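Peer 1: Quick one, structure for this:
(3 chains)
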Amino acid sequence: MFESIDAKKKQARKVVTRLRKHYPVAECALHHETPFQLLAATILSAQCTDERVNSVTPILFEKFPDAEALAAGTQAQVEKIVKSLGFFRAKATNLRGMAQRVVEVYDGELPRTLEELITLPGVGRKTANVLLGTAYGIASGVVVDTHVRRISNLLGLTESQNPDIIERDLMAVLPKKEWITYSHRLIHHGRQICIARRPKCTECPLLKICPRVGLDPLE
DNA sequence: ATCCCGAGGG
DNA sequence: CCCTCTGGAT
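Peer 2: Predicted coordinates:
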């Protein structure tokens, strides 16, 4: 679509400008009080909307506010609380395993490097990048979730379907300063306008720079 | 490539 | 019914 890296950078600048104008606030929608709670909420957000995560985390964090508490929770207790989110056995296992490793290896204090974070159960690059960027202001990479993947493909910023390659491509065309905000704004855009099943193209602030326009009539 | 897994929308 | 939702581990 955009053959050269320079063409992609030019497109990326247009995207960033329009996103910033249309979505002035770029914030994480997952409710949390501490970095630990943000990490737990992000683990729970796999294949599930933020609203649904926010509907269970008040109960989860009331009972298990920190790593020590969660590490001591039973599998049945945690499964019961996160059941409605799907993948509940894996998520409960990962939450407890994450908390236990944080207590045992890191003395209850979350590590602040991507390399260490992804050794925690249930934590991959996407989750680690959310935590580092949102809680600590560290731009370790670009958060690539289902929305970022879909829309970055649509906009011609990458042709890959592989999250690691997509992240590399986006890091190459986006200013580092925008890595965090790009993801937050694109996720919001993906939920409100560029919805996977039925995109609201007539309301889209990116319409003029979306290569999809003219190819496939969507109303 | 496949599994995990529930809820909501069209 | 089918698709999608802020993925990660095997």
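Peer 1: Packing partners of the helix or strand hosting A:A7?
Peer 2: Assigned by DSSP states H and E, A:A7 belongs to helix A:5-22. Judged by 3 or more CB pairs under 8 Å, 6 or more residues apart in numbering; DSSP states H and E, helix A:5-22 is in contact with helix A:163-173, helix A:179-192. For the C-beta atoms, the positions are set from N, CA and C on the backbone; glycine is no exception.
Peer 1: Among those helices, show me which one is buried the most.
Peer 2: Burial of the helices and strands packed on helix A:5-22 is given as mean neighbour count (mean count of other CB atoms under 10 Å); helix A:179-192 ranks first at a mean of 21.
Peer 1: Distance-wise, check the residue nearest to A:G73 when sequence neighbours are not counted relative to A:A72.
Peer 2: Sequence neighbours aside, A:F64 is the residue nearest to A:G73 in space, at 5.3 Å (criterion: CB to CB, 6 or more residues apart in numbering). To A:A72, A:F64 is 8 Å away according to CB to CB, to the nearest Å.
Peer 1: And these two? Which one has more around it.
Peer 2: A:F64 (23 against 13; other CB atoms under 10 Å).
Peer 1: from memory that one sits against A:T74, does it?
Peer 2: No: using CB atoms under 8 Å, A:F64 is not in contact with A:T74, being 10.7 Å away.
Peer 1: The residue of chain A found nearest DNA strand B: helix or strand, and which one exactly?
Peer 2: Nearest residue of chain A to DNA strand B, counting by CB to the nearest atom of the strand: A:R89, 2.3 Å away. If you go by DSSP H and E, A:R89 is part of helix A:88-106.
Peer 1: Give me the mean pLDDT for the following helix or strand past that helix.
Peer 2: On the C-terminal side of helix A:88-106, the nearest following helix or strand under DSSP H and E is helix A:114-117. For helix A:114-117, the mean per-residue pLDDT is 97.
Peer 1: May I see the domains of chain A written out as residue ranges?
Peer 2: A:5-27+A:142-209, A:35-136 (automatic domain parsing).
Peer 1: residues contacting A:R150?
Peer 2: A:R150 sits next to A:190, A:194, A:196 when contact means CB atoms under 8 Å, 6 or more residues apart in numbering.
Peer 1: can you narrow those residues to ones near DNA strand C?
Peer 2: A:190, A:196 (CB under 7 Å from any atom of the strand).
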